[in-house]
Structure formats: structure tokens, C-alpha cells
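Student: Kindly generate the corresponding structure for this input.
(one chain, ligands or ions: 2)
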Amino acid sequence: MVKTSDTRCDLMLFGAVGDLAQRKLFPALYQLECAGLLAPESRVLALARRDMETTGFRDQLFDNLKRYVKPAEFDAGVARGFLERVEYRLLDFTDPAGYDVLQTWRDAPDNELIVYMATPPAMYGVIARNLKAASCCNENTRVVVEKPIGHDLESSKVINDELGEVYNENQLFRIDHYLGKETVQNLIALRFANNLFASQWDQNHISHVEITVAESVGIEGRWGYFDKAGQIRDMVQNHLLQLLCLIAMDPPADLSADSLRDEKVKVLKALKTIRPDMMDSYVVRGQYTAGTSDGKPVPGYLEEEGANKGSETETFVALKAEIENWRWSGVPFYIRTGKRLPEKLSQIIIHFKPAPHYIFDPDQKHLANNKLIIRLQPDEGMSLRILTKDHGLDKGMRLRQGPLELTFSETFETDRIPDAYERLLWEIMKGNQYLFVRRDEVEYAWRWVDQVIRNWRDSGEPPKRYAAGTWGPVASIAMITRDGRSLYEDV
Ligand SMILES: NC(=O)C1=CN([C@@H]2O[C@H](COP(=O)(O)OP(=O)(O)OC[C@H]3O[C@@H](n4cnc5c(N)ncnc54)[C@H](OP(=O)(O)O)[C@@H]3O)[C@@H](O)[C@H]2O)C=CC1
Ligand SMILES: O=C1O[C@H](COP(=O)(O)O)[C@@H](O)[C@H](O)[C@H]1O
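Tutor: Ligands and ions are numbered 1, 2, ... in the order given. This is a model prediction of the structure:
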């Protein structure tokens, strides 16, 4: 059991008035306060370049906590107590002279120092160098950086080199917030605590895997950032490939950070390169046009606020990933993710192969494979589709498919599932790196994704259009049916 006194820390939050800090990080810290997990000595230094005093910052933060924490979970008294820990300082992160202010804030040198860079990635190296020059960090400092690390392999190497000049790898906590989701961590428990699945988890028993991360939101005022990234850099390079790794990796020797990360890297290294001549059958990219969301009309990507009308950035990607190793040879992983799809839904479907010899009604042969549906969000849980005999004298040996169902909120009476950032901040305070991404993972993921982006650029082919509120270009379904396989439909 970790005692809160073991986790006392001074957290320097760079970019404290930004969207991530206000919408995710402070609410997560507030929840840790509610859970009694913040040590009494822990403090937060909020840093940004807006000219205001600590009192003004606290007032603004109080309003935003009220806005972003669910009403039923917001307690004004706890929030005010939490704000006592927070101080604000004005700092231009590029100005080395300003960093003296950080030294004067630190008056409890025994507290672990955590530096959280909630800033554009171009700022990571600058902040690291300035902190070092001002003697504001040492070999025990923990440094947290956000995704995306760069926009391709080369730029990610530059950023990682800059960080590496000041910090060792064991000080760096690269966030992929999907790893902080309880249901994503549950993939590790599902696979390695249940021998039932462990023994079936390969190309002998699995025909294909679907990984879907669908979002109903559009660009939400982030056009400037998103248009330079696109869905492949924003979601596939990090979240989707991390999910793929957790599904495909070999069993780690233990739960240590390096054991897990070594296994994930092996998967990334074994991803089959998608060559230009494979693009038509392996990749579909799309961009949404005007349509509906939640029954209301919504604009297309090119009509969003701040849009450049000629943009060919993709808001949807469907990919067939293949892993060239003994375990997964011949098992495609169909990945699909997009904005302005009909609903927010993240799920993984494992399609098992049918039994070697089929003895039932030939008309029902299409039913004869089990499916494991892992629901990451919302309605967290899992369901194993199994075949049973249909009841009734007139049914003979007719088959029926039904679920073995585990809905976390019902089975475990979980009152609330913590947000990803709560878990990640808590792990950082404890100094555990197993839910964070190592440099080589980032680089192998970029290597694979860069090739697809190069192929798009060289072909000059624009993204296929899909209406907001639909499941993306029809070509993404055709990509799977052409392989003689089908997407899971909830029937
Ligand atoms: N927002 C999100 O949901 C997610 C964000 N991320 C990543 O997190 C990081 C932060 O994102 P987000 O919060 O959205 O971005 P924002 O632009 O909202 O916040 C960045 C903050 O950094 C500040 N800043 C930038 N340069 C300087 C400087 N020289 N001196 C002082 N302050 C500076 C900005 O100040 P000012 O306001 O004055 O410009 C701003 O407050 C990015 O790397 C992003 O990719 C990752 C996943 C999700
Ligand atoms: O990192 C990102 O993730 C969000 C989706 O996260 P979720 O936890 O809501 O599933 C995505 O909307 C955003 O574009 C991306 O930068």
C-alpha cells in the first residue's frame, strides 16, 4: 500500500491556462484530492504567460473545475482546499532569465519534483534546457510530456534528443492517455490472468481483429492543430497502435515498465510495411462533409471555424495492419478511427475461427465463430458471443448466438471509473513508468505511419468524402468484405 507521504511532490505545470490543463489535468488533480491521494505537502505551480496573480488564477480555476468536473462529483469545499496548494507565476517559457522564479517557489526540497509540459511539443526542449540552466532539476526530476511527440520520425527524434540531453529515459513519462484508461489496462488482465484466452490467442484460433475508435465530435475549435496532424497522426500513431500492441504482444515476464514495453516494441517492429502498391487494399482515408450529429445539422470539415477550404487532411482512417511473426501470421487487424462518426465508441472485437469440422445446419454456418467484444468506452465491459441450441421442439439442432456478458458497472457495482489522467498523474507521483511510452515505441510507431503518409503524398489522391454522422467512406467496409471477412454487427 502506497502512503500519501511517499508521493509528496512539487508539480510544475507548464501551459497551465491551456485546454489540456484546465479541462483534464486540474480536474484530475481535484479528483486525487477528493480520493485523499494528494500528500498534505504536495503543491502545484501553475505557469503561463498571462499576466495575473495567484488569486485571479485560483478564481478562474475554481470556475473551470465547476465546469469540467461532473456536478455530482464537485464539492466546493474540497475544491477550495485543493486551490490552496496552487500558486500561479507568469513565465515566458522561452526566456531563461524568468526561470529564477521557479527556484524561489521550491521551499521543500524533499518533495519529488514533477515537471509537466502541457505545451506544444516544440517547447519541450526549450523548457528542459532552461530548467537545467536555472538548476531547477536533477536526476530525480520526473518529466511528463504529451503526445504527439513530433509529426514524423525525424521530428520525434529531434524532440527526444533534446529531452535526452537533459534527462535519462527513466525520468521521462511520455503520455498516451489511452494507457490511463481502466478498460485499456484491463486488456492486460484479460489476456494474462485468464488462461482460457491466453491459450487461444494466436493465428491458430483467431481469424481477424477489429479495433474501432469512433468519435462523434468534430474538430471543436482545434482546426489549426488538427489540420497539420490529421487522424493518422492524432489517433493512429499513438492510441490505436498502443491498443494493437496490448492485444498482440507476447506475455511479458512481469508487470515492470520495461518488460511491457519490450513486448510492445516487438509488435511495432513486426508490423508489415504498407508499400505504395498495397494502398488500395490496405488503407482508406476520408474527410467528413456536412451531415448530422445527435440529430442536428453540422458543418463539414472544410466549413469548420478557421478552415482552409483546400485542405485534404483526413478525419477518418481505416487500415489493415499485419504483424509478421509466428503468433499473428495471416491475421489482419482492421483498425478504424474517425471524427463525426455516428457515436462515441471504442471497442475491440476478436473474431475466433470456426471449429475445424462443422456439423450443423449449412444455412447457419456463417454463425459458427465465437467473438469476444471488448468495450473500452462507453458502457465499459465485455461480451463473449457463444453458440447454443435454440430451444423448442420444432427447432431441432438450430443454433443461436448469445452473449456471456460482463458489464463492469453492473457486475462490480463500480460507482465511478477514474478518468485516464487521474490514473496517470497518480502513477507519475509514485514514479511508475509502466503506463508511459518509451522512446523506441514512439519511433517504431512513427516509422510505420510515416510510410502510409508518404504513400498518400506521392499518390496525390484526395481523401474520400463521407457525410458527418455516417461510419466513414463505404470503401472502408469494402476493404474487409473483399478479404471474405465481415465487421461485427451488434445483433
Ligand atoms: N487538449 C487536449 O485535449 C490534448 C492535448 N494534448 C497535447 O497537450 C499539449 C497542450 O495542449 P493544449 O492544452 O490543447 O494546448 P493549448 O494551446 O491550449 O495550451 C498550451 C499552453 O502553452 C502556453 N504556451 C505556449 N508557448 C508558451 C510560451 N512561450 N510561454 C508561456 N506559455 C506558452 C500557451 O499559452 P497562450 O495561451 O498564452 O498561448 C497555452 O496556455 C500539446 O502538446 C497537445 O498536443 C494531447 C492530448 C489531448
Ligand atoms: O488524443 C486525442 O484523443 C481524443 C480522444 O480521446 P478520448 O479519451 O475522448 O477517446 C481526440 O478527440 C483528440 O483529437 C486526440 O488529440
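Student: how many neighbours does the one residue in the chain that gets nearest to ligand 1 have?
Tutor: Closest residue of the chain to ligand 1, C-beta to the nearest ligand atom: residue 18 (2.2 Å). C-beta here means a position set from N, CA and C on the backbone, and glycine is covered the same way. Counted with other C-beta atoms under 10 Å, residues neighbouring residue 18 total 15.
Student: Check residue 227 too.
Tutor: Residue 227: 18 neighbours (other C-beta under 10 Å).
Student: Do a quick rundown of the strands in the stretch 201-350 of the chain.
Tutor: For the stretch 201-350 of the chain, the strands defined by DSSP state E, counting those that start in this stretch cover 206-214, 283-289, 291-293, 296-298, 316-321, 333-338, 345-352.
Student: Dump the ones you listed to TSV, plus mean pLDDT, distance to ligand 1 and mean neighbour count.
Tutor: Below are these laid out as TSV (pLDDT from 0 to 100; distance: least, C-beta to the nearest ligand atom, whole Å; neighbours: other C-beta atoms under 10 Å):
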stretch	mean pLDDT	distance to ligand 1	mean neighbour count
strand 206-214	97	14	21
strand 283-289	97	20	25
strand 291-293	96	19	16
strand 296-298	96	20	12
strand 316-321	98	18	25
strand 333-338	98	14	24
strand 345-352	96	15	20
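Student: Check the gap between the closest residue to residue 452 other than its chain neighbours and residue 332 for me.
Tutor: Closest residue to residue 452 apart from its sequence neighbours, by C-beta to C-beta, 6 or more residues apart in numbering: residue 274 at 5.4 Å. In this view, residue 274 and residue 332 are 12 Å apart by C-beta to C-beta, to the nearest Å.
Student: now do residue 4
Tutor: With C-beta to C-beta as the criterion, residue 4 and residue 332 are 47 Å apart.
Student: one step back: if I pick the residue lying closest to the residue of the chain closest to ligand 1 once chain neighbours are set aside, what's in contact with it?
Tutor: Leaving out its chain neighbours, the residue that sits closest to residue 18 by C-beta to C-beta, 6+ apart is residue 118, at 5.6 Å. Going by C-beta atoms under 8 Å, 6 or more residues apart in numbering, residue 118 touches 13-16, 18, 20-21, 25, 146.
Student: List buried members of those residues by neighbour count.
Tutor: Buried members of these, scored by 16 or more other C-beta atoms under 10 Å, are 13-16, 20-21, 25, 146.
Student: next SSE after the helix or strand containing residue 82?
Tutor: When elements are assigned from DSSP states H and E, residue 82 belongs to helix 76-83. Next along the chain after helix 76-83, taking DSSP H and E as the criterion, comes strand 86-90.
Student: Please point out which parts of that next one sit buried.
Tutor: 86-89.
Student: can you list those residues in CSV and add distance to residue 159 and pLDDT?
Tutor: Below are those laid out as CSV (distance: C-beta to C-beta, whole Å; pLDDT from 0 to 100):
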residue, distance to residue 159, pLDDT
86, 28, 97
87, 29, 96
88, 27, 97
89, 25, 95
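Student: tell me which of these is nearest to residue 406?
Tutor: Nearest to residue 406 out of the buried residues of strand 86-90 is residue 86 (C-beta to C-beta; 39.8 Å).
Student: Grab the nearest non-local neighbour of that closest one.
Tutor: residue 44 (4.6 Å).
Student: in a strand, that's where the one you found is, yeah?
Tutor: Yes: under DSSP: H, G, I helix; E, B strand; the rest coil, residue 44 falls within a strand.
Student: Next, the contact list for it, please.
Tutor: 11, 13, 29, 85-87.
Student: which pair in the residues you listed spans the largest distance?
Tutor: 29 and 87 (13.7 Å).
Student: Spell out which residues of the stretch 1-150 of the chain are next to ligand 1.
Tutor: 15, 17-21, 48-49, 92-94, 118-121, 123, 146-147 (C-beta under 6 Å from any ligand atom).
Student: follow-up on the earlier one: what does the pLDDT read for the residue nearest to residue 452?
Tutor: According to the prediction, residue 274 has pLDDT 98.
Student: Next: the one 3 residues further on.
Tutor: Reading off the confidence values, residue 277 has pLDDT 96.
Student: What residues of the helix holding residue 82 count as buried?
Tutor: 78-79, 82-83.
Student: Just the CA trace of that helix, in PDB.
Tutor: What follows is helix 76-83, C-alpha atoms only, in PDB (Å, rounded to 0.1, in the frame of the first residue of the first chain):
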ATOM      1  CA  ALA A  76     -16.900  23.400  -3.500                       C
ATOM      2  CA  GLY A  77     -15.100  22.900  -0.100                       C
ATOM      3  CA  VAL A  78     -12.800  20.300  -1.500                       C
ATOM      4  CA  ALA A  79     -12.100  22.400  -4.500                       C
ATOM      5  CA  ARG A  80     -11.200  25.400  -2.300                       C
ATOM      6  CA  GLY A  81      -8.900  23.200  -0.200                       C
ATOM      7  CA  PHE A  82      -7.200  22.000  -3.400                       C
ATOM      8  CA  LEU A  83      -6.700  25.500  -4.700                       C
END
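Student: just checking, what packs against it?
Tutor: Here helix 76-83 touches helix 26-34, helix 54-68, going by 3 or more C-beta pairs under 8 Å, 6 or more residues apart in numbering; DSSP states H and E.
Student: Apart from its neighbours in sequence, what residue is nearest the most centrally placed residue in the chain?
Tutor: Centroid-nearest residue in the chain: residue 178, 2.9 Å away (criterion: C-alpha atoms, centre = their mean). Distances taken as C-beta to C-beta, 6+ apart place residue 239 nearest to residue 178, at 4.2 Å, with adjacent residues excluded.
Student: returning to that earlier point: give me the three-state assignment for the residue nearest to the centre of the chain.
Tutor: helix.
Student: got a list of what it touches?
Tutor: Applying C-beta under 8 Å, 6+ apart, the residues near residue 178 are 184, 238-239, 242-243, 420.
Student: pLDDT score for it?
Tutor: 95.
Student: pLDDT (mean, whole number) over stretch 243-261?
Tutor: On average, stretch 243-261 scores 97.
Student: Looking at neighbours, which among the contacts of residue 178 is most surrounded?
Tutor: residue 243 leads the contacts of residue 178 on contacts (other C-beta under 10 Å) with 27 neighbours.
Student: my guess is it contacts residue 186, does it?
Tutor: No: with contact defined as C-beta atoms under 8 Å, residue 243 does not reach residue 186; the gap is 11.8 Å.
Student: By average pLDDT, which secondary structure element in this structure comes out worst?
Tutor: Ranked by mean pLDDT, DSSP states H and E, the weakest helix or strand in the chain is helix 408-411, scoring a mean of 82.
Student: Which positions within that one qualify as buried?
Tutor: By neighbour count on 16+ other C-beta under 10 Å, the buried set for helix 408-411 is residue 408.
Student: Check which helices and strands that helix is in contact with.
Tutor: strand 381-389.
Student: angle of the strand it packs on against strand 345-352?
Tutor: Counting by axes from the mean of the first three to the mean of the last three C-alpha atoms, to 10 degrees, strand 381-389 lies at 40 degrees to strand 345-352.
Student: Quick one: residues in contact with strand 381-389.
Tutor: 190, 367-368, 370-375, 395, 397-409, 411.
Student: Three-state assignment for residue 470, please.
Tutor: Assignment for residue 470 (three-state DSSP): coil.
Student: again, but for residue 426
Tutor: Taking three-state DSSP, the label given to residue 426 is helix.
Student: Go ahead and confirm it touches residue 39.
Tutor: No: using C-beta under 8 Å, residue 426 makes no contact with residue 39, being 11.7 Å away.
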